[in-house]
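S.K.: Sequence first, then the predicted structure:
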Amino acid sequence: MDILKYILIFLHILGAAAIVGGWFATFKKPTVLPIQLWGAIAQLVTGLLLVGLAEMGDGPVNHAKIGVKAVIAIAVLVPAIIGYRKAKSGAEVSTGLAHAVGGMALINIAVATLWH
């Protein structure tokens, strides 16, 4: 079970890197890249699987933190979907939408690391 947990953690961090890395790469001309959408999907799915594994374990689970992180993950995924669809159709992605994807992902990383 530990190997599954570590694989999920690896994929979870990789998803965060995809979102934030794509955001940094397009910071001067904001848009939403396909890798950011896939990173947002990976973050949500692996996060939920990690919570499921934690619930099956013996240790306590901080449900308040998990709830906050889940809401933020959805706040990353929704603009990522909207921005990706706009970019794919050739429409301009608004600066606020593009920065919402990266900025909220960065906030989610801060919550993950700073909330104990």
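M.R.: Looks like it arrived, so ask away.

S.K.: CA atoms for contacts and neighbours, from now on please.
M.R.: Fine.

S.K.: Quick one: mean pLDDT over the longest helix belonging to the chain.
M.R.: In the chain, ranked by residue count with DSSP state H as the criterion, the top helix is helix 63-89. The average pLDDT within helix 63-89 is 98.

S.K.: Can you spell out which helices and strands pack onto it?
M.R.: Secondary-structure packing of helix 63-89 (3 or more C-alpha pairs under 8 Å, 6 or more residues apart in numbering; DSSP states H and E): helix 34-56, helix 95-114.

S.K.: ok and the longest one relative to helix 95-114, angle-wise?
M.R.: Spelled out, it's helix 34-56. 30 degrees (axes from the mean of the first three to the mean of the last three C-alpha atoms, to 10 degrees).

S.K.: So residue 80 sits against residue 36, correct?
M.R.: Yes. The criterion here is C-alpha atoms under 8 Å, and residue 80 meets it with residue 36 at 6.8 Å.

S.K.: Kindly list the main-chain dihedrals of residue 26?
M.R.: Phi and psi for residue 26, reported as degrees, to the nearest 10, are phi -110, psi 20.

S.K.: on that earlier part again, would you tell me which of the helices and strands packed on helix 63-89 gets closest to residue 10?
M.R.: Evaluated over those, closeness to residue 10 peaks at helix 34-56, with 9.3 Å, by C-alpha to C-alpha.

S.K.: Quick check: buried residues in the closest one?
M.R.: 34-44, 46-47, 49-50 (16 or more other C-alpha atoms under 10 Å).

S.K.: how about that helix as PDB, C-alpha atoms only?
M.R.: Presented in PDB, the C-alpha positions along helix 34-56 are these (Å, rounded to 0.1, in the frame of the first residue of the first chain):
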ATOM      1  CA  PRO A  34      -3.100  21.700 -22.200                       C
ATOM      2  CA  ILE A  35      -0.500  20.600 -19.700                       C
ATOM      3  CA  GLN A  36      -2.200  22.900 -17.100                       C
ATOM      4  CA  LEU A  37      -5.500  21.200 -17.700                       C
ATOM      5  CA  TRP A  38      -4.000  17.800 -17.300                       C
ATOM      6  CA  GLY A  39      -2.200  18.900 -14.200                       C
ATOM      7  CA  ALA A  40      -5.400  20.200 -12.700                       C
ATOM      8  CA  ILE A  41      -7.200  16.900 -13.400                       C
ATOM      9  CA  ALA A  42      -4.200  15.000 -12.000                       C
ATOM     10  CA  GLN A  43      -4.200  17.100  -8.900                       C
ATOM     11  CA  LEU A  44      -7.900  16.600  -8.200                       C
ATOM     12  CA  VAL A  45      -7.900  12.800  -8.900                       C
ATOM     13  CA  THR A  46      -4.700  12.000  -7.100                       C
ATOM     14  CA  GLY A  47      -5.700  14.200  -4.200                       C
ATOM     15  CA  LEU A  48      -9.000  12.400  -3.800                       C
ATOM     16  CA  LEU A  49      -7.200   9.000  -4.000                       C
ATOM     17  CA  LEU A  50      -4.700  10.100  -1.400                       C
ATOM     18  CA  VAL A  51      -7.500  11.100   1.000                       C
ATOM     19  CA  GLY A  52      -9.200   7.700   0.400                       C
ATOM     20  CA  LEU A  53      -5.900   6.000   1.300                       C
ATOM     21  CA  ALA A  54      -5.500   8.200   4.400                       C
ATOM     22  CA  GLU A  55      -9.100   7.400   5.500                       C
ATOM     23  CA  MET A  56      -8.300   3.600   5.300                       C
END
